[in-house]
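*Asks:* compute the structure for the input listed below.
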Amino acid sequence: MAKIHILGAESLGVRGLSCYVENGDHKILIDPGVALGYTRWGLHPHPLQAVVGYIVRSKIARFWRDADYVVFTHMHGDHIPLYNANPFQLDLYMLDQHGGKKIIAPSPHILSTKEKIRLEKIREIYHEKLITVDWRAAEIGPVKVYGPYPHGLSRSGVYAVYVDSDLSVLHLSDTGLLVEDVISLVRDLRPDIVVTDGPPIYRYMHDKGMANDLLVKARQNLERMIGYADKVIVDHHINRCDEGYQWINGVSREYCCIMTAAEYMGEKPLMLESWRRTLYRLLPEDNYWFRENYRETIEKYRVILRELITSIRNDTKQSNEASFSLLLSKILAKK
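*Replies:* Numbering: from 1, shown residues only. Presented below is the predicted three-dimensional model:
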């Protein structure tokens, strides 16, 4: 039976929407990237975030080694391994470069100059194993690729990925529940599971009217989408602020088929990207801590992360920044 694993997403503590689909005879890795916002509110990623990022990068690297097909929906740094990765991104040169995998990527025709360089660095390693897609729909082995579609509110292109089996999966990446053509694609394919981005309302906290308009449109499209799919996993940009998760939580109370990536994987949301200021307030560190003693600092925070995850799993309250702050304060008070 086919299986889907969500490897990295905002509700799992990092930026990305990385998935691994086991489809009978094939294993497909979609958007194998991970990142942490290099600066947010003037703060670099906290060491506790970096621990989670390291764990997710290691997990993606293991699945990369075993994958028969790797698919990039677009060439942003939280969706692909990078030749010039910062300490919080997935390093292209740290991955297993052997094996028979095929790598499917967007055509250079739709890429920016920076993205073309990223593509060429991947081509330098994988040569003829790299396949670029530049037509409306393509089928490569068990993978069907559609698009490109608008990247949420921008014009840059992003592909949809469909894997059909006894459990069919449609990965919509960064379309944000804002693209009409994507809803039509869900209607036509009628997948068992949709993995989709939600609108980036964290960018519009200064403009509540704009944020609300995006959520209204996203809800309309989401309600249409669940008429064509059994489950819809909503994550990524929407979970970069507490307001986004509260919106998903409210919708999921009405429709049990809607959930975050963490909830699909049987975990409670751990939205550290959204909670970065609380991390620095309760666990103060120099803003440039990662320039020296990176490994030693990471090891120190592994213990705190284990205790925090255990506490979150046992907590009956809804996950949000206030409950997270209380749990973390209790852990620190015991030390």
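*Asks:* what segments of the stretch 151-300 of the chain are strands?
*Replies:* Secondary structure of the stretch 151-300 of the chain by DSSP state E, counting those that start in this stretch: the strands cover 157-163, 169-173, 193-197, 231-235, 258-259.
*Asks:* gap between the residue nearest to Gly147 when sequence neighbours are not counted and Thr73?
*Replies:* Counting by CB to CB, 6 or more residues apart in numbering, Gly147 lies nearest to Tyr159, which is 4.0 Å off, once chain neighbours are set aside. For every residue, glycine as well, the C-beta is placed using N, CA and C. For Tyr159, the distance to Thr73 equals 5 Å [CB to CB, to the nearest Å].
*Asks:* between those two, which has more neighbouring residues?
*Replies:* Ranked by neighbour count (other CB atoms under 10 Å), Tyr159 and Thr73 place Thr73 first, with 30 against 26.
*Asks:* tell me the confidence at that one?
*Replies:* Looking at Thr73, its pLDDT reads 97.
*Asks:* next, it: phi, psi?
*Replies:* Dihedral pair for Thr73: phi -80, psi -30, per degrees, to the nearest 10.
*Asks:* so who does it touch?
*Replies:* Going by CB atoms under 8 Å, 6 or more residues apart in numbering, Thr73 touches Ile30, Asp31, His79, Pro106, Val158, Tyr159, Ala160, Val161, His171, Ser173, Asp174.
*Asks:* which of these lies closest to Lys231?
*Replies:* For these, the minimum distance to Lys231 (CB to CB) is 13.0 Å, reached by His171.
*Asks:* surely the closest one meets Ile30?
*Replies:* Yes - the pair His171 and Ile30 passes the contact test of CB atoms under 8 Å, sitting 4.9 Å apart.
*Asks:* now for these two: what residues contact both?
*Replies:* Joint contacts of His171 and Ile30 (CB under 8 Å, 6+ apart) are Cys19, Val71, Thr73, Val161.
*Asks:* put together JSON lines for the residues you listed, with distance to His237 on each row.
*Replies:* Below are those laid out as JSON lines (distance: CB to CB, whole Å):
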{"residue": "Cys19", "distance to His237": "16"}
{"residue": "Val71", "distance to His237": "20"}
{"residue": "Thr73", "distance to His237": "14"}
{"residue": "Val161", "distance to His237": "18"}
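*Asks:* thinking again about what came up before, dump the contacts of Thr73 to TSV, plus distance to Pro200 and pLDDT.
*Replies:* Shown next, in TSV, are the contacts of Thr73 (distance: CB to CB, whole Å; pLDDT from 0 to 100):
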residue	distance to Pro200	pLDDT
Ile30	20	98
Asp31	16	98
His79	14	98
Pro106	20	95
Val158	13	95
Tyr159	19	96
Ala160	18	97
Val161	21	97
His171	18	98
Ser173	13	90
Asp174	9	94
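*Asks:* which one among the residues you listed gets closest to Gly8?
*Replies:* For the contacts of Thr73, the nearest to Gly8 is Asp31 (8.7 Å; CB to CB).
*Asks:* please name the nearest non-neighbouring residue to that closest one.
*Replies:* Spatial nearest neighbour of Asp31, chain neighbours left out: His79 (4.3 Å); criterion: CB to CB, 6+ apart.
*Asks:* how many neighbours does Thr196 have?
*Replies:* So Thr196, with other CB under 10 Å, has 28 neighbours.
*Asks:* I'd like to know how far the closest residue in space to it that isn't next to it in sequence sits from Ile248.
*Replies:* Nearest residue to Thr196, sequence neighbours excluded (CB to CB, 6+ apart): Leu172, at 4.2 Å. From Leu172 across to Ile248, the span is 15 Å (CB to CB).
*Asks:* hmm, Thr132 is touching Ile103, no?
*Replies:* No - counting by CB under 8 Å, Thr132 does not reach Ile103; the two are 9.4 Å apart.
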